[in-house]
Each structure stands twice: as structure tokens, then as C-alpha cells.
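> my questions concern the predicted model and sequence given below.
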Amino acid sequence: MESTRTLKDKIFLVLKGLGMGAANKVPGVSGGVVAFVAGFYEEFIYSLRKVNSKAFKLLINGRYKSFYNYINGRFLGLLFFGMIISYFSVSKLLDYLIEHYELYVWSVFFGMILGSIYYINKDFKDWNYKTYISLILGILSGLSISFLSPATQNDNLWFVFFCGIISVSGMTLPGFSGSFILILLGNYVLLLVDSVNALFDTFYEIIGGDFGFIQNTERIRMLQVLAVFTLGSVTGLVTFSHALSYILKHYKSITLSAIIGFIIGSLGVVWPWKETIFKMQNGEFMLDSTGKPIIANYKRYIPELHQETYMAIGFILLGILIVLGLEYYGQKTRKINE
């Protein structure tokens, strides 16, 4: 499998990791959808499933090459390398774009999810009463999560570990946005903004020969939070992948129909036309640790037809085209590998 990978394939795999990382950070968008549409979802789940007791025995016994080959190490390594780069580059660009061009960014993601629904549904033929029930339950679950109100921030390490487990669900479950779940749990800013920025600042200072952060208790706390969050994420990835592998093997049609439903339900999260409602206390905005107002919920509305709306519709079409382009590339790659 690995020996046939060309340099071009490896570069595209890193780019797919960039896409997954960026999607995972955006509330309402699932990195799993990127994997599904780009055609490497099953290989991703299969590779994660290989992180098991046998893999750890190989690692403990010093058989590093066997461990690397057993877990499909080059595939996972390139993919996660892309995700890591994304968290320090593409995701920061997305933060900027969402802050200054929010309507158009959400429009692109809305279009991408519409395209994903088409992509997943077009090859699914096993419709019966069980899969229709599963589809409806998936839609209801996605919509229910879309309209929940966020909790307040909590940096308890056990809760942070739990957040790590939940946050990676978007990588393994297409349509299930881990970052949006973090918003609902109240820890999106803490775990995907503050702690990541703390790590970035620490690396920057170390490169410059400055180790003063060791005396900074707040920085050390943020790094501690990030370490526990990462441990929870790894735990969640391995756990979800084993469970999903079993479910896909024994209940594939029901699972796929539920995923289609969940993605349809997630459209409520990324609906472009919404007004942000902030948390208030004594007539003033409640602020997070970065000084930004804390989001309480979103008020969705039907837009009037004017130039901005037409541009947003254009970006929705762009999002659909992006997914269709990924689908075309995925099909082309599979034919070459066959």
C-alpha cells in the first residue's frame, strides 16, 4: 500500500490533513466529512483501529519499524502532520476570515456540507424502513445539537480530558462537529484558542532562547490543559475508531444513513444567515479569557434578496464545487491505485 504512494500522493495527503485540521476547528464543520469526500475515510478508520494492544507490544519490545508499518504509520503521520500545520496556520487564517467575512465563510461551509450530502447519498442504495428511521434519528440529533445553548468555561483537568475525547468525534464521525460540541461545553476558546496560542508562544520563546515561561504559572497551566486535552483526543480517536470499525462492519447501511442524517441536521449549525446573541450580565457583555464577548446562541433568519445575499449564494455554489472537485480527485486517485 505505502510503496505505491508517489510524492504527489504524499503532498496531497498532507493537504488533506490541512483540510481536516481546518474543518475540525470551525464550529459546525466536521473533519470526517473531508475524509469521507476525499476518499480516505475507511483507510483512516482502519489505520486508527490498528492502534491496539498488538501495536503497543511491538512498541514496548523495541520493534519500531514493525510498529510503524502495522499502524500504517506513513499514512497517519502525513495526515496528522498536515493537521498540526493547520492548527498553526490555516486555522489562524480561518479565524481572521470568520471575523471579517463571516457570512461568506459560513456560506462556503454550507455549500460544502450540501455537496457532502450529495456525495455520500448518491452511492447509497440500501434504503429500507431501518435506514429511513436511522436517517430521521440522525437528522433530529443534528438539529437538536444545533440549537443547544453553550455552557460556561471549565478548566478542570478531568473535564478537559472528556472534552478531548468528544472533540475528535468530528474526525471519525462525518457531520458531528467536535469544535461545535466544545462551544456547547463552554471550552472552545480555552482548548482551541488559548492553549494552542500558549504552545505557539512557548515554541517561539524557546527558539529565541527565552525560558522565562517556566515562571509563568498561567502559561504552565495552559500547557498542562493542552497536554491533558491532547491525551483525551488520542484516547477518543482510538476508542471511536475501534467502535466505528465494528459498527461499520456489522451495521454499515444503518450507520451510513445515520451519518447522512447527521450531516443534514448539521446544516442548522452552519446556516450562513444568523445573528449572534451574546451572554449578558448586569447589562454588559460577558467576556472570555481573550476579552471577546461570550456567545450565548444564534438567531437564524431568512435573508432578503440583495447584493450581499447573491454573493453569499455564489460562495455556497463555490463550496459545492470544492466538494465535487475533491470527489473527482478521490475517484481519480482510487482508479490509479487500482
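The structure has been received and is ready for your questions. Numbers count the residues shown, from 1 in each chain.

> can you pull the contacts of Gly178?
Listed by CB atoms under 8 Å, 6 or more residues apart in numbering, the contact partners of Gly178 are 24, 30-31, 166-171. Quick note: C-beta positions are derived from backbone N, CA and C, even for glycine.

> determine which two of those are furthest apart.
Between any two of these, the greatest separation by CB to CB is 13.8 Å, found for Gly31 and Ile166.

> so these two - more neighbours on which side?
More neighbours surround Gly31 than the other of Gly31 and Ile166, with 31 against 20 (other CB atoms under 10 Å).

> where's that one relative to Phe44, distance?
Going from Gly31 to Phe44 by CB to CB, to the nearest Å gives 10 Å.

> what residues are shared contacts of these two?
Joint contacts of Gly31 and Phe44 (CB under 8 Å, 6+ apart) are Met171.

> where does the residue in the chain sticking out farthest from the centre land on pLDDT?
In terms of distance from the mean C-alpha position of the chain, Asn282 ranks first, at 35.4 Å (CA atoms, centre = their mean). If you check Asn282, the pLDDT there is 74.

> residue ranges of the strands in the stretch 1-150 of the chain, please?
Assigned by DSSP state E, counting those that start in this stretch, the stretch 1-150 of the chain shows no strands.

> in it, which spans are helices?
If DSSP state H, counting those that start in this stretch is used as the criterion, the helices of the stretch 1-150 of the chain fall at 7-25, 31-38, 41-49, 53-60, 64-70, 73-88, 90-100, 102-122, 129-146.

> tell me which of those helices sits most buried.
Comparing the helices of the stretch 1-150 of the chain by mean neighbour count (mean count of other CB atoms under 10 Å), helix 31-38 ranks first with a mean of 27.

> just the angle between that helix and helix 73-88, please?
Angular relation of helix 31-38 and helix 73-88 on a 0 to 180 degree scale: 130 degrees, by axes from the mean of the first three to the mean of the last three CA atoms, to 10 degrees.

> just checking, what packs against helix 31-38?
Of the remaining helices and strands, those touching helix 31-38 by 3 or more CB pairs under 8 Å, 6 or more residues apart in numbering; DSSP states H and E are helix 7-25, helix 41-49, helix 102-122, helix 169-172, helix 307-337.

> out of these, which gets nearest to Gly209?
Nearest to Gly209 among the helices and strands packed on helix 31-38 is helix 7-25; the distance by CB to CB comes to 29.3 Å.

> now the closest one and helix 31-38, what's the angle there?
On the basis of the same axes, to 10 degrees, helix 7-25 is oriented at 150 degrees to helix 31-38.

> make a markdown table from the helices of the stretch 1-150 of the chain and add distance to Phe159 and mean pLDDT to it.
Converted to a markdown table, the helices of the stretch 1-150 of the chain look like this (distance: least, CB to CB, whole Å; pLDDT from 0 to 100):
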| stretch | distance to Phe159 | mean pLDDT |
| --- | --- | --- |
| helix 7-25 | 20 | 79 |
| helix 31-38 | 23 | 74 |
| helix 41-49 | 24 | 81 |
| helix 53-60 | 27 | 85 |
| helix 64-70 | 32 | 87 |
| helix 73-88 | 21 | 84 |
| helix 90-100 | 23 | 73 |
| helix 102-122 | 28 | 82 |
| helix 129-146 | 19 | 86 |
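
> can you say which of those is nearest to Val270?
Comparing the helices of the stretch 1-150 of the chain against Val270 with CB to CB, the closest turns out to be helix 102-122 (4.8 Å).

> packing partners of that closest one?
The contact analysis (3+ CB pairs under 8 Å, 6+ apart) places helix 102-122 against helix 31-38, helix 90-100, helix 252-265, helix 307-337.

> if we use 7 Å, what do you get?
Packing partners of helix 102-122 (3 or more CB pairs under 7 Å, 6 or more residues apart in numbering; DSSP states H and E): helix 31-38, helix 252-265, helix 307-337.

> for the ones you listed, which one ends up most surrounded?
Of all the helices and strands packed on helix 102-122, helix 31-38 carries the top mean neighbour count, a mean of 27, counting by mean count of other CB under 10 Å.
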